[in-house]
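Trainee: Need coordinates for the following:
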Amino acid sequence: MTTSQQLGQDEYTAVDRFDELPSHRRRRLLSIFAIRSLGSVVVLLAAYFLLPFTRLLNGKLIAEFAAGILLVIVVLTVQTLATLRSRYPLLRSVEAMAMTIPLFIVVFPLRIT
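Mentor: As a prediction, this is how the structure comes out:
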């Protein structure tokens, strides 16, 4: 690789920091991440209210609990890997939490008795 190519890459990565991006690019990135986060919350809430989630019989409660834990672990793992590979990990981690926390609440609803 030549010095000019290295210089071009150094310039690109120097502007790659979120706080050093132009304001219009930052607003665009924030808008994209906000829309994706809101979309995942809307889909999870729609699934919660539209799908026929009912309590299983007591004999199947352990299997339901294990499946719920497995689902949350898989989603959290995928979101963590996506955050590690992201160009802007702080924004990606906020998006990951915006999906994982509602998923946890949908899978394990609070019971007020």
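
Trainee: Remind me what the helix or strand harbouring Val106 packs against, helices and strands.
Mentor: Taking DSSP states H and E as the definition, Val106 sits inside helix 89-107. Using 3 or more Cβ pairs under 8 Å, 6 or more residues apart in numbering; DSSP states H and E, the elements in contact with helix 89-107 are helix 23-50, helix 61-85. Where C-beta positions appear, they are placed from N, C-alpha and C, glycine not excepted.

Trainee: possible to save those helices as JSON lines with mean pLDDT and distance to Val94?
Mentor: Converted to JSON lines, the helices and strands packed on helix 89-107 look like this (pLDDT from 0 to 100; distance: least, Cβ to Cβ, whole Å):
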{"stretch": "helix 23-50", "mean pLDDT": "85", "distance to Val94": "7"}
{"stretch": "helix 61-85", "mean pLDDT": "85", "distance to Val94": "9"}
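
Trainee: Make JSON lines out of those and add mean neighbour count.
Mentor: As requested, the helices and strands packed on helix 89-107 are exported to JSON lines (neighbours: other Cβ atoms under 10 Å):
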{"stretch": "helix 23-50", "mean neighbour count": "13"}
{"stretch": "helix 61-85", "mean neighbour count": "13"}
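
Trainee: would a markdown table of these with distance to Ala98 be doable?
Mentor: Formatted as a markdown table, these follow (distance: least, Cβ to Cβ, whole Å):
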| stretch | distance to Ala98 |
| --- | --- |
| helix 23-50 | 4 |
| helix 61-85 | 10 |
